[in-house]
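J.: how would this look folded up:
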Amino acid sequence: MDDLAGGLKPISLLERVAAMEQPPTLADLAAGSETPRPTLHRWLNALVGAGLLQRSPDGRRYEIAPRASQLAFAILSNQPGGALRHQLLRKVVETVGESCNLTVMHGAEVTYIDRVEAMWPLRITFQRGSRVPAHCSASGKLFLALMPPARREAVVRDLTFERFTDSTLTDRDALLAEVATIRKQKYALDREEYLAGLVCLAVPVMQRIGRSPACVAALAMQAPVSRMSCDQMLEKLPALQDAARMLAGTLE
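T.: Residues are numbered from 1 along each chain as shown. So this is what the prediction gives:
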């Protein structure tokens, strides 16, 4: 049992790194901690060796690594609240009349952890596990807007800004300007930026992590522009926000 408890201490450290507003240094983690620096350093090296943390380019800070993001996605996809989450998604689809999905941030992409299709002959199907670049999706831009500034800078640095349609944002400054607006309004739109003919509205699913609320997932609805404009989509905003509050409980 002692061995198990000892093995869980680095996991607690991983959780602490994930909850911090910017990638911490060893000194940041040691501040206010009763754990000696050599022990913290050993745990950090173990987490780096396991692929759960990685060092920043300057070698001083520790960041969440892709393997940790993959693990978080697997946990969210298979946790006990999945059945209730899917039921809530069905209800919001019935309310708004269009397909809805729940996504999480995975590197510089958003990943679908659940989706319910509307019963329309004309629809665009995405599967659980589908990935979309952050710069051209409503959910991705929402995550960028609501994440800590240091993490946003790191993610934007990794974006390829690939053009998918004539509406795709391929300029860093233009993206950051829209992200600043999204941060104030707490919702994001995809105006045919990933697929021509498809518009999307996304709202955050918020939870308290540590002392601050954080966007842990995004709830989005999608529709062909031939059936619904972005202005019409915004009429569904209150229903999506209500559903996002309910969905937060399925991700605890």
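J.: stretch 13-23: which residues count as buried?
T.: 13-14, 17-18, 20, 23 (16 or more other CB atoms under 10 Å). Where C-beta positions appear, they are placed from N, C-alpha and C, glycine not excepted.
J.: again, but for stretch 217-229
T.: 217-225, 228.
J.: ok, so of those, who is nearest Ala108?
T.: Comparing these against Ala108 with CB to CB places Ala218 closest, at 14.9 Å.
J.: isn't there a strand covering the closest one?
T.: Yes: counting by DSSP: H, G, I helix; E, B strand; the rest coil, one finds Ala218 located in a strand.
J.: just give the closest residue to it, not the sequence neighbours.
T.: Ser139 (3.8 Å; CB to CB, 6 or more residues apart in numbering).
J.: make JSON lines out of the buried residues of stretch 13-23 and add distance to Glu193.
T.: JSON lines is the format used below for the buried residues of stretch 13-23 (distance: CB to CB, whole Å):
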{"residue": "Leu13", "distance to Glu193": "38"}
{"residue": "Leu14", "distance to Glu193": "34"}
{"residue": "Val17", "distance to Glu193": "32"}
{"residue": "Ala18", "distance to Glu193": "29"}
{"residue": "Met20", "distance to Glu193": "31"}
{"residue": "Pro23", "distance to Glu193": "29"}
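J.: okay, the residues you listed in a markdown table with distance to Phe143, secondary structure and pLDDT next?
T.: Formatted as a markdown table, the buried residues of stretch 13-23 follow (distance: CB to CB, whole Å; DSSP: H, G, I helix; E, B strand; the rest coil; pLDDT from 0 to 100):
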| residue | distance to Phe143 | secondary structure | pLDDT |
| --- | --- | --- | --- |
| Leu13 | 24 | helix | 82 |
| Leu14 | 20 | helix | 79 |
| Val17 | 18 | helix | 77 |
| Ala18 | 14 | helix | 73 |
| Met20 | 17 | coil | 71 |
| Pro23 | 17 | coil | 80 |
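J.: list just the nearest of the residues you listed to Ala202.
T.: Taking CB to CB as the measure, Ala202 lies nearest Ala18 of the buried residues of stretch 13-23, at 22.0 Å.
J.: tell me the centre residue of the protein?
T.: Nearest to the mean C-alpha position of the chain, counting by CA atoms, centre = their mean, stands Met105 at 2.8 Å.
J.: tell me where the stretch 151-252 of the chain has helices.
T.: Per DSSP state H, counting those that start in this stretch, the stretch 151-252 of the chain carries helices over the ranges 172-185, 230-234, 237-248.
J.: now for those, which one comes closest to Asp114?
T.: helix 237-248 (9.2 Å).
J.: output the contacting helices and strands for that closest one.
T.: Applying 3 or more CB pairs under 8 Å, 6 or more residues apart in numbering; DSSP states H and E, one finds that helix 237-248 contacts helix 82-96, strand 99-106, strand 198-209, strand 212-224.
J.: and the first one, which residues are buried?
T.: Judged by neighbour count using 16+ other CB under 10 Å, the buried positions of helix 82-96 are 85, 88-89, 92-93, 96.
J.: got it, and stretch 181-199?
T.: 182-183, 187-195, 198-199.
J.: now the end-to-end length of that stretch.
T.: Stretch 181-199 has an end-to-end distance of 18 Å (CA to CA, to the nearest Å).
J.: would you agree the residue nearest to Ala218 is in contact with Ala202?
T.: Yes: the criterion here is CB atoms under 8 Å, and Ser139 meets it with Ala202 at 4.4 Å.
J.: list residues touching both of these two?
T.: Counting by CB atoms under 8 Å, 6 or more residues apart in numbering, the common neighbours of Ser139 and Ala202 are 103, 188, 218, 220.
J.: in these, find the pair that's most separated.
T.: Longest span within the shared contacts of Ser139 and Ala202, CB to CB: Thr103 and Ala188, 11.6 Å.
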